[in-house]
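Visitor: Provide a 3D model corresponding to the input given below.
(chains A and B)
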There are 2 protein chains.
Amino acid sequence: MPYGEPLSIVHHMENYRTPLDAAFHALSDPTRRAVISRLTKSPAPVKELAEPFDMGLPAFLKHLRVLEESGLITTEKTGRTRTCQVKIGRLAEAESWLSEQRALWQARTDRLADYVETQMSRDNENDG
Amino acid sequence: MPYGEPLSIVHHMENYRTPLDAAFHALSDPTRRAVISRLTKSPAPVKELAEPFDMGLPAFLKHLRVLEESGLITTEKTGRTRTCQVKIGRLAEAESWLSEQRALWQARTDRLADYVETQMSRDNENDG
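Guide: This next block holds a predicted model:
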């Protein structure tokens, strides 16, 4: 049955409130991150994706469902083969959120450094 | 008690296998992401951090513990005030993982585009 239906119909969606919640949750597992890494190189059928992992197919399919529901991958069935590919948009959204936070942090750090430099040059002037 | 002990001692650590697992898990919740965003601008005491959220302090402290255990924030107690600050290293690790995946995907996409272009120019030559 898991091969017969779209993975997303088989599975009851967990109640993630936003796409970012679902994306970060999907990325919190090493098997799922390894699948993403593999798929960045090329699309691949489920069987090939499952091979490197020491787990049963049902457990592996569960990971694929989490990835599919998060929008990080899409899957498509042709004949008896389900092929997966990475959906770069959702990955880019997660990356953007993180780089935005780092930019905010960096801006604050730069302001602090400017402040310290200004104070130090004032102190030097007062000493001179 | 939550104010008396380091947050990480009070809480039993969930069994995340790697720092990236813990970081992405911590980021999968909108309250925790909002706390990170707030802390990129400046360190802040727990009370101030909790204010914008419509939840009890125990629930909010649980979120802070998840963030602290993931290494995304540190907390420090001075007198009766616990102050939180963002730890940019762990955030940067998560960002790096994502940008690496996007780079791999981009490299593949570029190769595909090159291939298609080469094929098209060959076809044009054959037509001419």
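Visitor: Would you map the strands across chain A?
Guide: Remark: strands assigned in chain A by DSSP state E are A:44-45, A:73-78, A:81-86.
Visitor: can you put those in CSV and add distance to residue B:22, mean neighbour count and mean pLDDT?
Guide: Just so you know, the C-beta spots here come from the backbone N, C-alpha and C atoms, and that holds for glycine as well. Shown next, in CSV, are the strands of chain A (distance: least, Cβ to Cβ, whole Å; neighbours: other Cβ atoms under 10 Å in any protein chain shown; pLDDT from 0 to 100):
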stretch, distance to residue B:22, mean neighbour count, mean pLDDT
strand A:44-45, 28, 16, 97
strand A:73-78, 23, 16, 96
strand A:81-86, 23, 18, 96
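Visitor: what's the burial count for residue A:17?
Guide: Using other Cβ atoms under 10 Å in any protein chain shown, residue A:17 has 9 neighbouring residues.
Visitor: do the one 3 residues further on as well
Guide: Here the count is done by other Cβ under 10 Å, and residue A:20 has 20 residues near it.
Visitor: Then the one 10 residues further on?
Guide: As a burial measure, residue A:30 scores 14 neighbours (other Cβ under 10 Å).
Visitor: likewise the one 5 residues further on?
Guide: Around residue A:35 there are 26 other residues, counting by other Cβ under 10 Å.
Visitor: before we move on, what about residue A:18?
Guide: Residue A:18, neighbours per other Cβ under 10 Å, totals 12.
Visitor: quick one: it from residue B:30, how far?
Guide: 6 Å (Cβ to Cβ, to the nearest Å).
Visitor: next one: residue A:107
Guide: The gap separating residue A:107 from residue B:30 is 23 Å, by Cβ to Cβ.
Visitor: Likewise for residue A:52?
Guide: Computed as Cβ to Cβ, the residue A:52 to residue B:30 distance reads 33 Å.
Visitor: Kindly report the same for residue A:109.
Guide: Distance from residue A:109 to residue B:30, counting by Cβ to Cβ: 25 Å.
Visitor: Could you do residue A:122 as well?
Guide: Residue A:122 is 43 Å from residue B:30, by Cβ to Cβ.
Visitor: and what of residue A:61?
Guide: Here residue A:61 is placed at a distance of 28 Å from residue B:30 (Cβ to Cβ).
Visitor: ditto for residue A:54
Guide: Taking Cβ to Cβ, one finds residue A:54 at 34 Å from residue B:30.
Visitor: mind listing what residue A:18 touches?
Guide: By Cβ atoms under 8 Å, 6 or more residues apart in numbering or on different chains, the residues touching residue A:18 are residue B:30.
Visitor: let me fix that: residue A:71
Guide: Residues near residue A:71 by Cβ under 8 Å, 6+ apart: A:19, A:22-23, A:87, A:89-90.
Visitor: Keep those residues, but drop any that are not near chain B.
Guide: Filtering the contacts of residue A:71 for proximity to chain B by Cβ under 8 Å from any Cβ of the partner chain leaves residue A:22.
Visitor: Narrow the contacts of residue A:71 to those that are buried.
Guide: Listed as buried from these are A:22-23, A:87, A:90; burial here means 16 or more other Cβ atoms under 10 Å in any protein chain shown.
Visitor: Run a quick neighbour tally on residue A:120.
Guide: Using other Cβ under 10 Å, residue A:120 has 10 neighbouring residues.
Visitor: Could I get the contacting residues of residue A:39?
Guide: So, once contact is read as Cβ under 8 Å, 6+ apart, residue A:39 ends up touching A:49, A:73, A:84-86.
Visitor: Look at it and report its pLDDT.
Guide: Residue A:39 is assigned a predicted lDDT (pLDDT) of 97.
Visitor: any idea how far the closest residue to residue A:21 other than its chain neighbours is from residue B:65?
Guide: Once flanking residues are discounted, residue A:21 sits nearest to residue B:28: 5.2 Å by Cβ to Cβ, 6 or more residues apart in numbering or on different chains. Counting by Cβ to Cβ, the gap from residue B:28 to residue B:65 is 15 Å.
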